[in-house]
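no letters, just coordinates:
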Ligand code: DMJ
């Protein structure tokens, strides 16, 4: 019928013109393609399909494992998460095929508990990553050594790798609380994504992005800071978006001026954790590229880096304008050790370890006033510039990285251990005070004169002292440090409990009649900081005293009431006023730290167990380096 409508076609067909023949052939080939394509929609059992299509495209995999069954049950939505998983050659692939279970699978009632879906998703993602990585060991030809390294790393963990253990608490109340935290993370993330995607932070009131000047032209700080939180919370669709952005849009060729410290703790730390949690080679490549850009900061007469570095090819660096006499800051150059050791570990290049060991050696041999480490040091002469000592801002994470370096070295780094306990003894002797009302706090020290103030930042020390307690020499000291940690954490909780909002101020005082309250207007703000909650999390893990979970929940309620706004979470200007004035900033550390520590607080200890993982100061988990095991462990299962 159709042919008859074609103009100029004779009945025999032999008299067709060339153009008519062409149209006819085109039509014929279209028809054949259509028929062949239709084969894909036939059930696998149809013989015709098996004849025409190759086995790999259609054969159902009959493994029947629980993971496969789960995969089936989860439906197609999660296939997006499977995009880009590590392939047998260590490359990322966008073509992983779906597999079919051999059995049908009913949803069990326990799977409907809050948290189980998250766990299931994470398990699936990890098992895909794992099986891809482990296939390397059995197939091998042309396999990437890097992927073998990842398999080895996992074999050296004492507890199961992230994702295989649920971390799901058994009591329903804790489960619900954890779900609430996850919802907060999703809310914060969704709003960032909607209004500030690719910028560094969200401005939740004006619904736009903030770039700031800390990261030297690097973008997406909230994305890099959120990767591991999203992953461990089982927000895998969101994790997938974050990962894809890092792969396609994290531009490391910027040549702006960046804070070495901030880039290290957020970007280097965030990428390292993302790599160790997921095995995605892309994260490793990115972090090694970035690590190299930080090296010129160490080109000073002493090797002590300056605070600000140009990330471009010039690599020039300089000190902060506000730092006295061109000095470098203890908490900045002293907070590189964990990340740099992992950069050496992953690159095989010792230069990163050498840089931070040089800092360590210099600090170790220096004369210290009363055994204390002042906050300012000249990168030119290598001498202290001022005698201001603080466990809060400017000093804080230097102490944290001493004990964590020891723990991350699988307790082999004796120098770090000795330096940590000596520093802690000096802090106790000179800075730790008891208030009139019986609260223990850490004052600041200015050339021998005490300032009876404790910053919110210093509240991380409850967790730090607790974490280090177990490795003190004697049982008495162990108990003593655990008690000290509990007392500091209690004081920090009081700084929250004594405010109208139940959130703590930036700094609180213990003089002029004040007891854990801010006396200056300028100290009354709260910018979504994590330190108090961080200490709750460690103290919970160390003691399992339920009060820490209760205190964490008080913080959740306060955050919801005073910091949650229509389009995200915002800091507040005055914790003593119940009618909140918002600062219009959702800090990236809120996603990286505050919410992660809350989530861990309401999880069982098997989610990122402290035996295997050390959190950097931005709460990015880094694995303990078990050198002996890594050298021995064969890659193959
Ligand atoms: C974070 O970036 C890190 O915790 C850092 O060590 C101190 N300040 C913020 C959070 O308050």
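On my side now, so go ahead. In this text, all values refer to a predicted model and were calculated from it rather than measured experimentally. Numbers count the residues shown, from 1 in each chain.

and residue 476, how many neighbours does it have?
Neighbour count for residue 476, taken as other CB atoms under 10 Å: 9. Bear in mind the C-beta positions are built from the backbone N, C-alpha and C, glycine included.

pLDDT value on it, please?
Residue 476 is assigned a pLDDT of 98 by the prediction.

show me what secondary structure element comes after whichever strand or helix holds it.
Using DSSP states H and E, residue 476 sits within helix 475-497. The first helix or strand that comes after helix 475-497 along the chain, using DSSP H and E, is strand 507-509.

and that next one, what other elements does it pack with?
Helices and strands touching strand 507-509, by 3 or more CB pairs under 8 Å, 6 or more residues apart in numbering; DSSP states H and E, are strand 453-455.

run through who's touching the strand it packs on.
Contact partners of strand 453-455, identified using CB atoms under 8 Å, 6 or more residues apart in numbering, comprise 390, 392-393, 441-444, 491-492, 495, 506-511, 516.

switch to 10 Å and redo it
Among residues not part of strand 453-455, those counted as contacts by CB atoms under 10 Å, 6 or more residues apart in numbering are 390-394, 396, 431, 433, 435, 439-444, 461, 488, 491-492, 495, 505-511, 514, 516, 518-520, 523, 529, 531.

now which of those residues would you call buried?
Buried members of the contacts of strand 453-455, scored by 16 or more other CB atoms under 10 Å, are 390-394, 396, 431, 435, 439-444, 461, 488, 491-492, 495, 505-510, 516, 518-519, 523, 529, 531.

can you tell me which residues contact the closest residue to residue 618 other than its chain neighbours?
Spatial nearest neighbour of residue 618, chain neighbours left out: residue 265 (4.2 Å); criterion: CB to CB, 6 or more residues apart in numbering. Each residue near residue 265 by CB under 10 Å, 6+ apart is listed here: 225, 259, 332, 335-336, 338-339, 397, 589, 592, 616-620.

ditto for residue 567
Taking CB under 10 Å, 6+ apart as the test, what residue 567 contacts is 187-188, 190-192, 194-196, 202-208, 586.

could you do residue 242 as well?
Taking CB under 10 Å, 6+ apart, one finds 189, 193, 220, 222-231, 235, 270, 274 in contact with residue 242.

strands - which of those land there?
Among the contacts of residue 242, no member falls in strands (DSSP state E).

right, and residue 331 touches residue 397 too?
Yes: with contact defined as CB atoms under 10 Å, residue 331 counts as touching residue 397 (5.1 Å).

before we move on, the earlier item: in strands only, show me the contacts of strand 453-455.
Per DSSP E, the contacts of strand 453-455 map to strands at 433, 440-442, 444, 507-509.

could you provide those residues in a markdown table, with additional columns for distance to the ligand?
Output for the ones in strands among the contacts of strand 453-455, formatted as a markdown table (distance: CB to the nearest ligand atom, whole Å):
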| residue | distance to the ligand |
| --- | --- |
| 433 | 23 |
| 440 | 21 |
| 441 | 18 |
| 442 | 15 |
| 444 | 16 |
| 507 | 13 |
| 508 | 15 |
| 509 | 19 |
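
check contacts around residue 432.
Counting by CB under 10 Å, 6+ apart, residue 432 has contacts 391, 424, 440-443, 461, 465, 484, 487-488.

against residue 535, how distant is it?
Residue 432 sits 15 Å away from residue 535, going by CB to CB, to the nearest Å.

any stretches of the stretch 501-637 of the chain with poor pLDDT?
633-637 (pLDDT under 70).

ranges for the strands of it?
Remark: strands assigned in the stretch 501-637 of the chain by DSSP state E, counting those that start in this stretch are 507-509, 564-565, 568-569, 613-615, 621-623.

hang on, isn't residue 237 packed against residue 231?
No: Residue 237 lies out of contact with residue 231 (CB under 10 Å); the separation is 11.4 Å.

if you count surrounding residues, which of those two has more?
Between residue 237 and residue 231, counting by other CB under 10 Å, residue 231 is the more crowded of the two (25 against 15).

rewinding a little: can I get the strands of the stretch 501-637 of the chain in a markdown table including distance to residue 629?
Formatted as a markdown table, the strands of the stretch 501-637 of the chain follow (distance: least, CB to CB, whole Å):
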| stretch | distance to residue 629 |
| --- | --- |
| strand 507-509 | 44 |
| strand 564-565 | 44 |
| strand 568-569 | 41 |
| strand 613-615 | 15 |
| strand 621-623 | 11 |
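
if I look at residue 318, what pLDDT would I see?
95.

count of neighbours near the residue nearest to residue 209 when sequence neighbours are not counted?
Of all residues not flanking residue 209 in the chain, residue 199 sits nearest, at 2.5 Å (CB to CB, 6+ apart). Using other CB under 10 Å, residue 199 has 19 neighbouring residues.

got a list of what the residue in the stretch 301-450 of the chain positioned nearest to the ligand touches?
Nearest residue of the stretch 301-450 of the chain to the ligand (CB to the nearest ligand atom) works out as residue 397 at 4.6 Å. Taking CB under 10 Å, 6+ apart as the contact definition, residue 397 lies against 261, 265, 330-332, 334-338, 404, 457, 460, 464, 616-618.

restrict those residues to those near the ligand?
When the contacts of residue 397 are checked against the ligand using CB under 6 Å from any ligand atom, the ones in range are 457, 617-618.

so residue 420 sits against residue 469, correct?
No: contact criterion CB under 10 Å: residue 420 and residue 469 do not qualify, at 11.5 Å.

what do those two both touch?
Shared contacts of residue 420 and residue 469, counting by CB under 10 Å, 6+ apart, come down to residue 403.

on the three-state scheme, residue 202 is what?
strand (DSSP: H, G, I helix; E, B strand; the rest coil).

please renumber the chain so that the first residue is 176 from this point on.
That works, and once the first residue is 176, the last one we named lands at residue 377.

count the neighbours of the residue of the stretch 276-425 of the chain found nearest the ligand for me.
Across the stretch 276-425 of the chain, no residue is closer to the ligand than residue 400, which sits at 8.8 Å (CB to the nearest ligand atom). Neighbours of residue 400 under the rule other CB under 10 Å: 29.

surely it and residue 445 touch.
Yes: between residue 400 and residue 445 there is a contact at 5.3 Å, judged by CB under 10 Å.

need the overlap of contacts for these two.
What both residue 400 and residue 445 touch, as defined by CB under 10 Å, 6+ apart, is the set 417, 763, 767, 793-795.

ok, now which ones touch the residue lying closest to the residue of the stretch 276-425 of the chain closest to the ligand once chain neighbours are set aside?
Nearest non-adjacent residue to residue 400, counting by CB to CB, 6+ apart: residue 767, 3.7 Å away. By CB under 10 Å, 6+ apart, the residues touching residue 767 are 396-397, 399-404, 440-441, 444-445, 448, 705, 791, 793-795.

do you know how far the nearest residue to residue 501 once chain neighbours are set aside is from residue 507?
Leaving out its chain neighbours, the residue that sits closest to residue 501 by CB to CB, 6+ apart is residue 494, at 4.5 Å. If you measure residue 494 against residue 507 using CB to CB, the figure is 10 Å.

neighbour-wise, which of those two wins?
Legend: neighbour count by other CB under 10 Å for residue 494 and residue 507, higher for residue 507 (26 against 22).

that one is in contact with residue 573, isn't it?
Yes: in terms of CB under 10 Å, residue 507 counts as a neighbour of residue 573; the distance is 8.6 Å.

so what sits against both of these two?
The contact sets of residue 507 and residue 573 overlap at residue 550 (CB under 10 Å, 6+ apart).

quick one, helices of the stretch 276-425 of the chain?
291-314, 320-330, 347-371, 396-407, 411-424 (DSSP state H, counting those that start in this stretch).

now the angle from the last one to helix 347-371?
The one in question is helix 411-424. Interaxial angle, helix 411-424 versus helix 347-371 (axes from the mean of the first three to the mean of the last three CA atoms, to 10 degrees): 30 degrees.
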